[in-house]
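Chemist: Compute the structure for the input listed below.
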Amino acid sequence: MAASPSKAWNIQNYILAALGGTLAATAIVITVSAIFEPARISFSVTHASRTTLGDSSGVWLNLTVSANNRGHQRTKVQYESIFIDLVNSTKPTARDRVHADVNATAWANKTLPSPSLLSVDASALLIDENTREGFAGDQVNLTVVVMAQVHFKVGVARTRLYGIKVFCGGVHFAHVQDNSSDATVRYCHS
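Modeler: Presented below is the predicted three-dimensional model:
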């Protein structure tokens, strides 16, 4: 004896159930993606200066990079690493990139709430004559390349490691003895 058509599932019922399940799974994925959306972080160079060593054997390039976390109130940021390079591509025969040493005490082992502002100091010592000429001349504007690796935390959940790379162009390192300061903030872009 065959089951009555009202009690047995036919192919249409299975298709509707699969579509309903797909719709529910999609709604869950969209909700989770919205909750775990990474915060928006913008970088800018807020200070740039240069200092000549007393015996004129080298030049220090000093800068401060600020990271502004404008995320949701519930999103926190944990910086794992920050690297800063100074790039000058105007002299094709000379060295075009110098790595700056970053002071990690401002962000090491800290989870910062949103919104928050983080200032990171970095410096590079230029000793070679060609490098000094290419990176510390009076008319030289450099590109600052900031690379950061961050985790975002939403509640107790932690996101994957995100890599961020931005470029801050036209940064001029004013000489400290001139009592001049390049107070122009240079915003970075990806």
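Chemist: ok, what's across the strand from Arg97?
Modeler: Val87 (DSSP bridges).
Chemist: Now do the helices in the protein.
Modeler: 11-35, 129-135 (DSSP state H).
Chemist: which helices and strands sit right next to the shortest one?
Modeler: Taking 3 or more CB pairs under 8 Å, 6 or more residues apart in numbering; DSSP states H and E as contact, the helices and strands that helix 129-135 lies on are strand 59-69, strand 116-126. Glycine gets a C-beta too; all of them are placed from N, C-alpha and C.
Chemist: hang on, the earlier thing: right, and the helices of the chain - which one's nearest Lys153?
Modeler: Ranking these by proximity to Lys153 (CB to CB) places helix 11-35 first, at 11.8 Å.
Chemist: And the residue nearest to Ile82 when sequence neighbours are not counted, what's its pLDDT?
Modeler: Leaving aside its sequence neighbours, Ile82 sits nearest to Ala148 (CB to CB, 6 or more residues apart in numbering; 4.8 Å). Note for Ala148: predicted pLDDT of 93.
Chemist: what do you get for Tyr162?
Modeler: Value for Tyr162, per-residue pLDDT: 89.
Chemist: Next: Glu129.
Modeler: 78.
Chemist: Distance check, it against Ala100.
Modeler: 20 Å (CB to CB, to the nearest Å).
Chemist: Looking at those two, which is more packed in?
Modeler: The neighbour count for Glu129 versus Ala100, taken as other CB atoms under 10 Å, is higher for Ala100 (21 against 10).
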